[in-house]
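> I would like to see how this sequence folds:
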Amino acid sequence: MIQYLLNIRRKTCKPLQLLCHTALATVLLLTTSCSEVDKTKEIKLAHGLDTSHPVHEAMEFMAQRVKEKSDGKLTIDIYPNGQLGSERESLELLQIGSLGMTKVSAAVMESFSPNFKVLSLPYVFKDKEHYYRVLEGEIGQDLLDEGEEYWLHGLTYYDAGSRSFYTTNKPIRKPEDLKGLKIRVQDSPTAISMVDAFGGSATPISWGELYTALQQGVVDGAENNPPSFYLSRHYEVSKYYSLNEHTMVPDILMISTKVWEDLTEQEKEWLTEAVEESVPVQRKLWAEAEAEALEAVKEAGVEIIHPDKEPFAELVEPLYETYKDEPEVYSLIQRIQAEEITEESPSLN
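A predicted model of the protein is given here:
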């Protein structure tokens, strides 16, 4: 209660309110018992995923580990299914400290911290090994650190697989098949540029409205990873799934810098350790979910298509050069490409 009042004082109060809250906080400090001071500190975490989603399950694991490590002194209360707003709205709540944590796509983060757009570029990652190496290394950490400038502290990346196209009435076997089709994308300039480069018509629509948009023909298709395609039940209205795997856009676990700075060093350690432990759990759950999702949609009558990816990659390669007038992003592209071939992954030679 005391910390809550101090937060209000620091963030929003006018001079008179400041005096009132300071006085009230002082009274509480003098009258609150030690047992009340030692009450559990709770962090609210909101996201837009279903509770059966592997990312949600990994965050549940993380919350449990925080509780265990702290002996119940620090807890994380999770609000799934967009209960507290969209990804963008959740980030805005983090910025003012009204929400503690959230999970967002890197594609959404680019509207807050521009350099994140590099992670949404099509075919910037050559395979899963390359993807993990970049996120776990200096590049991934540099991007997480940049969020600090925007009051968003990055904790880790979760695997969100590869995004591919699914359509209602026309299979996508080559880029030309996208011409004239309205394709739903996230509210991401990079995603819009990608679909336009393929010849489609990029149409930003919120995730919650997409099922109806597909059903009513507002859009002809969308793009996402297999678990999301399955759990959203979009396979009921989209009978073609083309695994061209154009992007590997990670999810990011964020905490408000205001909330982060309010944690003690011990609390930060508990949270950081729990987050790190949740990453391999999430990756295992993700791999299982992908396999199960593809099998399930196939049984539901969806045609799974495995197109040649090279024609898609060639069409979007010129997009990289358009970032020459954004030196930081262009430098990140070059650094990511330089990570493609290493001694640790001879199969990439």
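> packing partners of whichever helix or strand L210 is part of?
In the assignment (DSSP states H and E), L210 maps to helix 210-215. If you count contacts as 3 or more Cβ pairs under 8 Å, 6 or more residues apart in numbering; DSSP states H and E, helix 210-215 packs onto strand 182-185, strand 221-224. C-beta: built from backbone N, CA, C; applies to glycine.
> buried sites along stretch 127-144?
For stretch 127-144, the neighbour count (16 or more other Cβ atoms under 10 Å) marks 129-135, 139-140, 143-144 as buried.
> also stretch 306-313?
Here stretch 306-313 shows 307, 312-313 as buried, counting by 16+ other Cβ under 10 Å.
> tell me which helix or strand D145 sits in.
For D145, the enclosing helix or strand under DSSP H and E is helix 138-146.
> would you pull up how far that helix lies from the middle of the chain?
Mean C-alpha position of helix 138-146 versus that of the full chain (Cα atoms, centre = their mean, to the nearest Å) differs by 15 Å.
> how about the contacts made by L332?
When contacts are counted by Cβ atoms under 8 Å, 6 or more residues apart in numbering, L332 is found next to 115, 118, 139, 143.
> again, only this time at 10 Å
115-119, 121, 124, 134, 139, 142-143, 323, 326 (Cβ atoms under 10 Å, 6 or more residues apart in numbering).
> so which helix or strand takes in it?
Applying DSSP H and E, one finds L332 within helix 327-338.
> what's across from L152 in the sheet?
S256 (DSSP bridges).
> mean confidence score for the helix or strand hosting V275?
Per DSSP H and E: V275 is located in helix 265-299. Averaged over helix 265-299, pLDDT sits at 97.
> list the buried residues in it.
Using 16+ other Cβ under 10 Å as the test for burial, helix 265-299 gives 267, 270-271, 274-275, 278-279, 281-283, 285-286, 289-290, 293-294, 296-297.
> flag the shaky bits of this protein, pLDDT-wise.
Low-confidence segments of the chain (pLDDT under 70): 1-38, 341-349.
> so where do the strands sit in it?
For the chain, the strands defined by DSSP state E cover 41-46, 74-79, 101-105, 152-158, 163-167, 182-185, 201-204, 221-224, 240-247, 251-256, 303-305.
> in a markdown table: those strands, plus mean neighbour count and distance to R65.
As requested, those are arranged in a markdown table below (neighbours: other Cβ atoms under 10 Å; distance: least, Cβ to Cβ, whole Å):
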| stretch | mean neighbour count | distance to R65 |
| --- | --- | --- |
| strand 41-46 | 19 | 13 |
| strand 74-79 | 17 | 10 |
| strand 101-105 | 24 | 14 |
| strand 152-158 | 22 | 13 |
| strand 163-167 | 26 | 29 |
| strand 182-185 | 23 | 35 |
| strand 201-204 | 17 | 36 |
| strand 221-224 | 26 | 29 |
| strand 240-247 | 23 | 30 |
| strand 251-256 | 26 | 13 |
| strand 303-305 | 15 | 36 |
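> for those strands, give me a markdown table that also has distance to A213.
Output for the strands of the chain, formatted as a markdown table (distance: least, Cβ to Cβ, whole Å):
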| stretch | distance to A213 |
| --- | --- |
| strand 41-46 | 24 |
| strand 74-79 | 25 |
| strand 101-105 | 19 |
| strand 152-158 | 26 |
| strand 163-167 | 13 |
| strand 182-185 | 6 |
| strand 201-204 | 8 |
| strand 221-224 | 8 |
| strand 240-247 | 16 |
| strand 251-256 | 23 |
| strand 303-305 | 21 |
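> out of those strands, which comes closest to P54?
strand 152-158 (8.4 Å; Cβ to Cβ).
> ok, the closest residue to M62 other than its chain neighbours - contacts?
Once flanking residues are discounted, M62 sits nearest to S278: 3.8 Å by Cβ to Cβ, 6 or more residues apart in numbering. S278 sits next to 55, 57-66, 155-156, 158, 253, 285 when contact means Cβ under 10 Å, 6+ apart.
> let's see 7 Å
By Cβ atoms under 7 Å, 6 or more residues apart in numbering, the residues touching S278 are 58-59, 61-62.
> narrow those residues to those in helices?
Counting by DSSP state H, those place 58-59, 61-62 in helices.
> ok, so what distance separates P250 from Y131?
Per Cβ to Cβ, to the nearest Å, P250 is found 8 Å from Y131.
> oh sorry, the question was meant for L294
19 Å.
> and for E138?
E138 is 15 Å from Y131, where distance means Cβ to Cβ.
> got it, and R88?
R88 is 24 Å from Y131, by Cβ to Cβ.
> for N115, same thing?
17 Å.
> now do F198
F198 is 21 Å from Y131, where distance means Cβ to Cβ.
> dump the residue contacts of S70.
By Cβ under 7 Å, 6+ apart, the neighbours of S70 are W270.
> can you do 8 Å?
Per Cβ under 8 Å, 6+ apart, neighbours of S70: 267, 270.
> now P122
194, 197, 246-247, 312-313, 316, 319.
> how about H53?
Counting by Cβ under 8 Å, 6+ apart, H53 touches 227-228, 231, 289.
> run the last query once more with 10 Å
47, 59, 80-81, 103, 227-228, 231-232, 251, 285-286, 289.
> how about I192?
183, 185-186, 201-204.
> could you do P80 as well?
Applying Cβ under 10 Å, 6+ apart to P80 gives the contacts 45-53, 55-56, 59-60, 103.
> most neighbours out of those, which is it?
Using other Cβ atoms under 10 Å as the neighbour test, those are led by M59, with 27 neighbours.
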